[in-house]
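Asks: could you work out the structure for the sequence below:
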Amino acid sequence: MSNTDFCSDALLDYLYTQTLPTPLPPDYTKDDFSKWQIKKRNEVRDLLRIQELSNLLSVPVSAQLIEQFYTDDVLIEKYCLQGIRHLNTPLYIAGANNPASKSILYLHGHDKFGIQGALKHLEPSPYHKYLPLLLAKEGYRVYAPEMIGFGDAHKQHYDMGNSTEGSCFPNGTQLLASGFSLAGLRSFQAMKIVDFMKQQNAETISVFGISGGGMCAMYLSACDSRIDHMILSGYPCTWPDTLFVHHHCIDNFVPGMTRIADGPQIISLFAPKPLLLLTGKTDHVFALSGAQKAFSVVREAYQIFDCPHQLQSFVFDGGHEAAPELVIPWFRDRCK
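Replies: The predicted structure follows:
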């Protein structure tokens, strides 16, 4: 490095490489990997401060119905979900008259309309393709929460304008200053929604997460063993190929996260359960090259468990968007 090079790249790359976790040995066994998964799940829970959040904020889960409406002949109910002290969660259930046994948790990403952008016709070409409505028409009961920082769940007196990031920034910075993170709080929030789904007699818990909702689904699956099936869309990617080279919302960052694992390794904690990974060929947010690396890492985990059939991964024609043509058949085959 020359004494006239003032860029920060070399420093940041050095600190990143020097603090990476120790990798598994090349000749690791299935037993080694299972022990590694247990260790990493505990580390992820500690990273997100799940136990501390539970100690400070957990209250019994209850829900109050506050609205009913129809979109495309799909019955949607809006609830005020309580389970976190000082935080009410807007929870929409699409296909509320469908059997509870066929339940899917839909975790949305950034949208200037919050979760309502996936449930109402508010713009001509939404990236989520109204997937909750399509799944409800398939007979599923789709639980679609509005996570903290988005839509109705914004920080009061913060002008969000037309930003898709909602009030993530003021929420995220205040949480970071207190030693917490949006990723951790949203994961804890999702766990409370799973509590409610179980109260509603959901026999299995299937999760779909897209974009930032994919991050939440990834962490949820590492922290909560009740998740049975999962789809991550528009999120699986190595962090150096996306988070460190593009502008990303503050909700993606947790202090010390790279000391635990890279994103694909955290996704691998879900093995050997059924998993579908999706990315668009022209996704401008999560680079295709990084997504393909992520697919490869996760594939190794399923191979070590001798169950490569439990993992499917696809690169579809499209960008940073949902792919209902792949999601619906996958759920149809597994969530009957």
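Asks: show me where the stretch 51-200 of the chain has its helices.
Replies: Using DSSP state H, counting those that start in this stretch, the helices assigned to the stretch 51-200 of the chain run over residues 131-137, 168-177, 182-199.
Asks: tally of neighbours for Gly139?
Replies: Here the neighbour count serves as a burial measure; for Gly139 (other C-beta atoms under 10 Å) it reads 13. In this view, the C-beta of every residue, glycine as well, is placed from N, C-alpha and C.
Asks: ok, the nearest residue to it once chain neighbours are set aside to Gly172 distance?
Replies: Of all residues not flanking Gly139 in the chain, Asn98 sits nearest, at 5.4 Å (C-beta to C-beta, 6 or more residues apart in numbering). Distance of Asn98 to Gly172, computed by C-beta to C-beta, to the nearest Å: 35 Å.
Asks: which one's more surrounded, the two?
Replies: Taking Asn98 and Gly172 together and counting by other C-beta under 10 Å, Gly172 has the greater number of neighbours (24 against 20).
Asks: my guess is the more buried one contacts Asp251. True?
Replies: Yes - Gly172 lies in contact with Asp251 (C-beta atoms under 8 Å); the separation is 5.7 Å.
Asks: touching both of those two, which residues are there?
Replies: Both Gly172 and Asp251 are in contact with Gly149, Ser181, Leu182, where contact means C-beta atoms under 8 Å, 6 or more residues apart in numbering.
Asks: now do the same for the first one: its pLDDT.
Replies: Looking at Gly149, its pLDDT stands at 90.
Asks: residues touching it, list them.
Replies: Counting by C-beta under 8 Å, 6+ apart, Gly149 touches Lys155, Gly166, Ser167, Cys168, Asn171, Gly172, Leu182, Asp251.
Asks: please name the bridge partners of Tyr92.
Replies: With DSSP bridges applied, the residues forming beta bridges to Tyr92 are Lys78, Ala144.
Asks: count of neighbours near it?
Replies: Other residues lying near Tyr92 total 23 when counted by other C-beta under 10 Å.
Asks: also Ala100?
Replies: There are 16 residues near Ala100, going by other C-beta under 10 Å.
Asks: now do the contacts for it.
Replies: Neighbouring residues of Ala100 by C-beta under 8 Å, 6+ apart: Arg141, Met197, Gln200, Asn201, Ala202, Glu203.
Asks: contacting residues around the fourth one?
Replies: This points to Asn201. With C-beta under 8 Å, 6+ apart as the criterion, the residues that contact Asn201 are Ala100, Ser101.
Asks: give me the distance from the helix or strand harbouring Asp46 to the chain's centre.
Replies: Using DSSP states H and E, Asp46 maps to helix 30-48. On the basis of C-alpha atoms, centre = their mean, to the nearest Å, helix 30-48 sits 18 Å off its chain's mean C-alpha point.
Asks: what do you get for stretch 174-194?
Replies: Computed by C-alpha atoms, centre = their mean, the chain-centroid distance of stretch 174-194 equals 12 Å.
Asks: average pLDDT across it?
Replies: For stretch 174-194, the mean per-residue pLDDT is 98.
Asks: next, the buried residues of it.
Replies: For stretch 174-194, the buried set under the neighbour-count rule, 16 or more other C-beta atoms under 10 Å, comprises 175, 180-194.
Asks: ditto for stretch 290-308
Replies: 290-295, 297-299, 301-302, 304-305.
Asks: which other residues reach that stretch?
Replies: The contact list for stretch 290-308 (C-beta under 8 Å, 6+ apart) reads 28-30, 33, 236-238, 240-242, 262-265, 267-268, 271-272, 275, 277, 279, 283, 310-311, 313, 315.
Asks: do that again at 7 Å, thanks
Replies: With C-beta atoms under 7 Å, 6 or more residues apart in numbering as the test, stretch 290-308 has contacts from 30, 33, 236-238, 241-242, 263-265, 267-268, 271-272, 277, 279, 310-311, 313.
Asks: any weak-confidence spans in this protein?
Replies: Low-confidence regions of the chain, defined by pLDDT under 70, span residues 1-2, 155-165.
Asks: now do the strands in it.
Replies: Taking DSSP state E to define them, one finds strands in the chain at 58-71, 74-84, 87-94, 103-107, 141-145, 205-210, 227-233, 275-280, 311-316.
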